[in-house]
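Sharing a model that was predicted from the sequence below.
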Amino acid sequence: MATARSEHAFVDKFPDEAGVIKATFLVAFVALGIGAFFGLIQALHRTNVVRVIDSADYYTMLTGHGVLLAIVFTIFFLCGVFHWATARSLDRPAESKLFSWAWVGLMLTGTILATVAILGGLVPSLGMSADVLFTFYAPLQAHPIFYIGLAMFIVGTWLAGADWFLSYRAWRKDNADERIPLQAFMVLTTMIMWYISTLGVAVSVVFFLIPWSLGLIESVNPLLTRTLFWYFGHPIVYFWLMPAYLMWYTVLPKLAGGRLFSDPLARVVFVLFLLLSTPVGIHHQYLDPGIAEGFKFIAMTNTMFLLLPSLLTAFTVVASVEHGARQRGGEGYLRWLGALPWRDPAFTGMALAGAMFAAGGFSGMINAGMNINYLIHNTLWVPGHFHLTVGTAVALTMMAGSYWLVPQVTGTKLYSRPIGLLQVIMWFVGMVFMSNAMHRAGLAGIPRRTAEPQYQNFEFLTPIGSIFELRVQIALGGTLLFLSVVLFLFNILLTSLGEESERPVDAYLPEPLSGPEGSPRILDNLAMWTGIAALLVVLAYTLPLAGIIQNGGGLFGGGLPVPATVSAGLDFVLMTVTSAFNTLLGVVA
Ligand code: HEM
Ligand SMILES: [Cu+2]
């Protein structure tokens, strides 16, 4: 039995990595608990069901909610998953234990600084606040330690990526001719995308927001900080999703009792995300003045291309799950669905998360369309959309995945499968209420990000149902979601406190039905894909950025004009790129 255990438990084979992963999960789950509590307060406050805070403090809650959930919970968790996936798939420990702990420490310090700045807003005597929402662009201004914390957090993620690249390099030395193992491939492509896209937000934070909040510069160009934010703010969506995809591609088929349908297809999907996820951020700025309509149109077209890898994923993952069901004796066109292991919370949670993602994809297409976006822009529709995507597809996959992953890094058995099952179903039902009602409220024109979504002498109307009913659904859904998080944390806590078990979980991942041999080697050429991704970014962003800097009063906005040399340089870049474009168009046409 002892051998069976050491073959299967990750913690026995990689004790140091398991320690790092436990730490990242712990931070993620603490953030999840606090963030979900803030979410409950908001949901009850803005629907006027129970009000425990002053409306003036709503932004503090909302900033805490957004930052702790959409940045801290997701990214700490995915760092744990990537650390696991890298060690597991390359079958080697990280190069330096100290280095791994260094990035965990840096990310954690950054998180604490930013959180202190946010919560400081609740204690006026501290003279500190960061009510800038998780999008943190100017003209809203936070206390400097908020931005400094953010910068440390981002640098921490860069080091984490370096950790995985170092493992890969060492592996490559010993395995010159082999294909990159699939999970490592997914980690590396995701991190390349992250490096390319966080460059924008790092520039914004380090060169503009920190000096501005410290009073070193008088003003910033708000449109520039917004654009740099969204340059990163769209790819971060894929930074959330790609770890979920990693689990859907490599873990879900196994849980379903089968094997991944196609390894090459999975690689294509990740390469497509690397190429396409950055040059689209302007689709968050359809209503920003100061950016020409043509650039917005290009961003919209690029966005629509992004549907392709998501549809490929839907196809591959469903095919793999169906294969699993048929291995278990499932038959018929749809009857095979009944043969799936629905009592396993890890499987059911991920499957429900995937189903919700389909709905989120539809509302996302509406957001992406330049003309219909105007209808729902800045309404409650938008939080409705991303609670389906990041709030369910990603967060629920992470929670469900924990039921399978946590036992591997702690060496203990999951405390309760029935509670886990109840928890994932509660999340699904809570989100059906909250998110569906948010979408409908948005269509009725109810704004997002406000504690007081009602106006005097004005009644919002809905085509079916009533505003009252929407409010009830949001409050009810929010309450179910919060209770679901409580159950989750309870289950995980008792799991990690449990007795060491002989075989905590069956960790074996079967080979794909169609392996990497079938795919062209060029897919593994990471340097080439990085080059193309960077080129696409240059094409998509040079002209809009030049325009924003010129029309927005220079790099630093109204206060400091751009020096004439910079301005002339920009003119030059603008002209060169325009003529390059024209030549290109000439060639194509
Ligand atoms: C207990 C579960 C949750 C509840 C009750 C909840 C509730 C809410 C509500 C009511 C809002 C809208 C506030 C407004 O616009 O006035 C909101 C915003 C938001 N939520 Fe959640 N949510 C939950 C979970 C999550 C999760 C898991 C994530 C991401 C991983 C998330 C990310 C966000 C973000 C990014 C915003 C927007 C913040 C902003 O506009 O700056 N939420 N949430
Ligand atoms: Cu986007």
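Perfect, thanks for sending it. Residues are numbered from 1 along each chain as shown. Ligands and ions are numbered 1, 2, ... in the order given.

Point me to the residue sitting closest to the centre of the protein.
With distances taken as C-alpha atoms, centre = their mean, the chain has Trp240 as the residue nearest its mean C-alpha position (2.2 Å).

if I look at that residue, how far off is Ser579?
To Ser579, Trp240 is 38 Å away according to C-beta to C-beta, to the nearest Å. No exception for glycine: its C-beta is placed from N, CA and C like everyone else's.

I'd assumed the residue nearest to the centre of the chain was in a strand, is it?
No. In this structure, Trp240 is helix, not part of a strand, as judged by DSSP: H, G, I helix; E, B strand; the rest coil.

Now it. Nearest residue, chain neighbours left out?
Nearest residue to Trp240 in three dimensions, chain neighbours excluded: Val394, at 4.5 Å (C-beta to C-beta, 6 or more residues apart in numbering).

The one you found reaches Phe73, doesn't it?
No. Contact between Val394 and Phe73 fails when scored by C-beta atoms under 8 Å: they sit 9.5 Å apart.

Residue numbers of the protein in contact with ligand 1?
Listed as neighbours of ligand 1 in the chain under the rule C-beta under 6 Å from any ligand atom: 36, 39-40, 42-43, 46, 62, 65-66, 69-70, 73-74, 133-134, 383, 387, 390-391, 395, 448-450, 478, 481-482, 485.

again, only this time at 5 Å
Within the chain, the positions near ligand 1 by C-beta under 5 Å from any ligand atom are 36, 39, 42-43, 66, 69-70, 133-134, 383, 390-391, 395, 448-449, 478, 481-482.

List the buried residues of stretch 31-50.
Buried residues in stretch 31-50, counted by 16 or more other C-beta atoms under 10 Å: 31-47.

Check the protein for the residue nearest ligand 1 and tell me.
Residue of the chain nearest ligand 1, by C-beta to the nearest ligand atom: Gly39 (2.7 Å).

How much space separates that residue from Gly64?
10 Å.

same question, Pro253
Distance from Pro253 to Gly64, by C-beta to C-beta: 37 Å.

Those two: who's more crowded?
Legend: neighbour count by other C-beta atoms under 10 Å for Pro253 and Gly64, higher for Gly64 (28 against 25).

For the more buried one, which residues are in contact?
If a contact means C-beta atoms under 8 Å, 6 or more residues apart in numbering, then Gly64 has Ile34, Gly35, Phe38, Thr115, Ile118, Leu119 as its contacts.

so the fourth one makes contact with Thr63?
No. With the criterion set as C-beta under 8 Å, Thr115 and Thr63 do not qualify as a contacting pair; they are 10.0 Å apart.

More neighbours: which of those two?
Using other C-beta under 10 Å as the criterion, Thr115 and Thr63 rank with Thr63 on top: 27 against 19.

So what does the more buried one have for phi and psi?
Per-residue torsions, Thr63: phi -70, psi -50 (degrees, to the nearest 10).

From Phe14, how far off is it?
Counting by C-beta to C-beta, the gap from Thr63 to Phe14 is 37 Å.
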